[in-house]
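A.B. asks: Got a predicted structure plus its sequence, pasted below:
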Amino acid sequence: MIEVAKYLVKARVHVDGIVEKPDVIGAIFGQTEGLFGGQLDLRELQESGRIGRIQVNMRTHGNTCSGEIIVPSNLDRVETALVAALIESVDKVGPYNAKIEVSEIVDLRLEKIKKIVDRAKEILLNWSKEEVPDVRELLIEVEAVLRKPELMKYGPEGLAAGPDVEKASELIIVEGRADVINLLKYGYTNAVEIGGARAEVPKSIRDLAERKEKVIAFLDGDRAGDMILKELLKNNVKINYVARAPPGREVEELSEREISEALSKAIPLEKAVKEQRKQVQAVEKAKALEELVEESREILALPTSIIETVKSLNGTLEAVLLDSQWNHIEKLPVRDLATKLQELNEGRVNAVVFDGIITQRLLDTALEKNIKIIIGVKLGNIINKPKEITILTYNDLH
């Protein structure tokens, strides 16, 4: 199917009888087929997209009919002229005599150029009619860009805010005055502070947020930022997105690029809350594991030979199995450790020291085989720590 034609072949048709559109189209294809070989066969040209769909409009006049034939062409000028002559060669439609005469060949590119030129004239004419602005007004407008927006006080609490907090459709909520000043410095005029950590977020902030289409809480990248978000949620402040300064950084010290990047990475409130909960859970889990390890260190007396064993294994990816008297039973690659423990008789091995990560799978197998002590490089993702097993890392032995 042709998408953009270069030419339109228009022809008048007269038939000495009553015929339909398909009859005319069939006559054109049938009587021109093979006259110039495959190179100018209308069916092949149409299939390849070099000739478009032939349009026929017919009107009946008593026992005769006449109309117009339109053929879109993407061929060159010579080939298009040959196609036009081919169509004129058709002298019958069905059983009736017919006469086809090309009326014109329209160069669509010239038509398009003409329209563009006419439109350019119209644009130029309208442009010349526009009022030339006053030079004084232009100077005032340019000077306005140079003036820095001024900090304002918002609400009965006198909270620091940018001058556009009321009229802007988007609101940025930050912790303190210094944050607002830094944002204002880089052209962010729609920020307001909540006045630092407090038991209750000012009512004026809650009411202002409710009137906005989009509210972003822009928080410091530390624990204080987590606390501010908690306060905003506790006080039912409307928040759509949460943006954070880089870890350990505060909004008041960010550069223009860092502010722009942080705001562009703002995430929906629901996702921010989920991430914060995961962080809290991870901290609590790590703390619990540390306490368990510390308890193990206090109740367990290890021989000095274990330190030497750990040093000898460091970087080897090997493991050592020991009995209850700390005698070596076997040394093997860490990759074979899980399989080996599965094959052991219960109670034969008392301790395992290895150059690898302590996993939940290893602990489950050790519990099953009544192994009392596991010493590895570091802890993996441990969900259930068996009370029957003492877990130590290399760092615990230093």
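C.D. replies: Yep, that arrived.
A.B. asks: so is Ile391 in a helix, a strand, or just coil?
C.D. replies: Here Ile391 is recorded as strand under DSSP: H, G, I helix; E, B strand; the rest coil.
A.B. asks: Surely it touches Thr359?
C.D. replies: No. Checked against CB atoms under 8 Å, the pair Ile391 and Thr359 is beyond contact range at 11.2 Å. Glycine gets a C-beta too; all of them are placed from N, C-alpha and C.
A.B. asks: between those two, what contacts are shared?
C.D. replies: Contact criterion CB atoms under 8 Å, 6 or more residues apart in numbering; residues shared by Ile391 and Thr359: Ile382.
A.B. asks: Tell me which of those two has more neighbours.
C.D. replies: When neighbours are counted by other CB atoms under 10 Å, Ile391 comes out ahead of the other of Ile391 and Thr359, with 20 against 15.
A.B. asks: Val180 contacts Val174, doesn't it?
C.D. replies: Yes. Using CB under 8 Å, Val180 is in contact with Val174, at 6.0 Å.
A.B. asks: What score does the residue lying closest to Lys214 once chain neighbours are set aside have for pLDDT?
C.D. replies: Spatial nearest neighbour of Lys214, excluding adjacent residues (CB to CB, 6 or more residues apart in numbering): Glu170 at 4.5 Å. pLDDT for Glu170: 94.
A.B. asks: same deal with Asp220?
C.D. replies: According to the prediction, Asp220 has pLDDT 92.
A.B. asks: and it, what is it in contact with?
C.D. replies: By CB under 8 Å, 6+ apart, Asp220 lies in contact with Glu175, Ile228, Arg244, Ala245, Arg249, Glu250, Val251.
A.B. asks: Whichever of those residues end up buried, select them in ChimeraX.
C.D. replies: Buried members of these, defined by 16 or more other CB atoms under 10 Å, are picked up in ChimeraX with:
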select :175,228,244,245,249,250,251
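A.B. asks: Looking at the contacts of Asp220, which is nearest Thr339?
C.D. replies: Nearest to Thr339 out of the contacts of Asp220 is Arg244 (CB to CB; 45.1 Å).
A.B. asks: rewinding a little: quickly list what's touching both of Val180 and Val174.
C.D. replies: Common contact partners of Val180 and Val174 (CB under 8 Å, 6+ apart): Ala191, Val192, Glu193.
A.B. asks: Among those residues, which one has the most neighbours?
C.D. replies: Val192 (26 neighbours).
A.B. asks: how about the nearest residue to it, chain neighbours excluded?
C.D. replies: Distances taken as CB to CB, 6+ apart place Ala161 nearest to Val192, at 4.0 Å, with adjacent residues excluded.
A.B. asks: Looks to me like Ile105 is in a helix.
C.D. replies: No. Assigned with three-state DSSP, Ile105 falls outside any helix and is strand.
A.B. asks: wait, it sits on Ala81?
C.D. replies: Yes. At 7.3 Å, Ile105 and Ala81 qualify as touching, with contact defined as CB under 8 Å.
A.B. asks: Show me where the chain has its helices.
C.D. replies: Secondary structure of the chain, counting by DSSP state H: helices at 21-32, 42-47, 77-88, 108-129, 135-146, 177-185, 203-210, 223-234, 256-264, 269-299, 304-313, 337-343, 360-368.
A.B. asks: what's the most buried one of those helices?
C.D. replies: By mean neighbour count, with neighbours taken as mean count of other CB atoms under 10 Å, helix 177-185 ranks first of those at a mean of 20.
A.B. asks: what's the angle from it to helix 256-264?
C.D. replies: If you take axes from the mean of the first three to the mean of the last three CA atoms, to 10 degrees, helix 177-185 sits at 100 degrees to helix 256-264.
A.B. asks: Can you give me the domain boundaries for this protein?
C.D. replies: For the chain, automatic domain parsing gives the domain ranges 7-110, 152-276, 300-397.
A.B. asks: From the chain's centre, how far out is the longest one? Work that out for me.
C.D. replies: Relative to the mean C-alpha coordinate of its chain, domain 152-276 is positioned 24 Å out (CA atoms, centre = their mean, to the nearest Å).
A.B. asks: That domain spans what distance, first to last residue?
C.D. replies: Taking CA to CA, to the nearest Å, domain 152-276 runs 33 Å from one end to the other.
A.B. asks: likewise stretch 150-160?
C.D. replies: Stretch 150-160 has an end-to-end distance of 10 Å (CA to CA).
A.B. asks: Residues contacting it, please?
C.D. replies: With contacts defined as CB under 8 Å, 6+ apart, stretch 150-160 is touched by 161-163, 165, 176-177, 180-181, 184, 192-195, 202, 204-205, 208.
A.B. asks: how about a cut-off of 10 Å?
C.D. replies: The contact list for stretch 150-160 (CB atoms under 10 Å, 6 or more residues apart in numbering) reads 161-166, 174, 176-181, 184, 189, 191-195, 202-205, 207-208.
A.B. asks: Tell me how many other residues crowd the nearest residue to Asn350 once chain neighbours are set aside.
C.D. replies: Closest residue in space to Asn350, ignoring its immediate chain neighbours: Ser324 at 4.2 Å, by CB to CB, 6+ apart. The local packing of Ser324 (other CB under 10 Å) involves 12 other residues.
A.B. asks: can you pull the pLDDT of Ser324?
C.D. replies: Taking Ser324 on its own, its pLDDT is 87.
A.B. asks: okay but it is in contact with Lys372, surely?
C.D. replies: Yes. Between Ser324 and Lys372 there is a contact at 8.0 Å, judged by CB atoms under 10 Å.
A.B. asks: shared neighbours, the two?
C.D. replies: Gly347, Val349, Asn350, Ala351.
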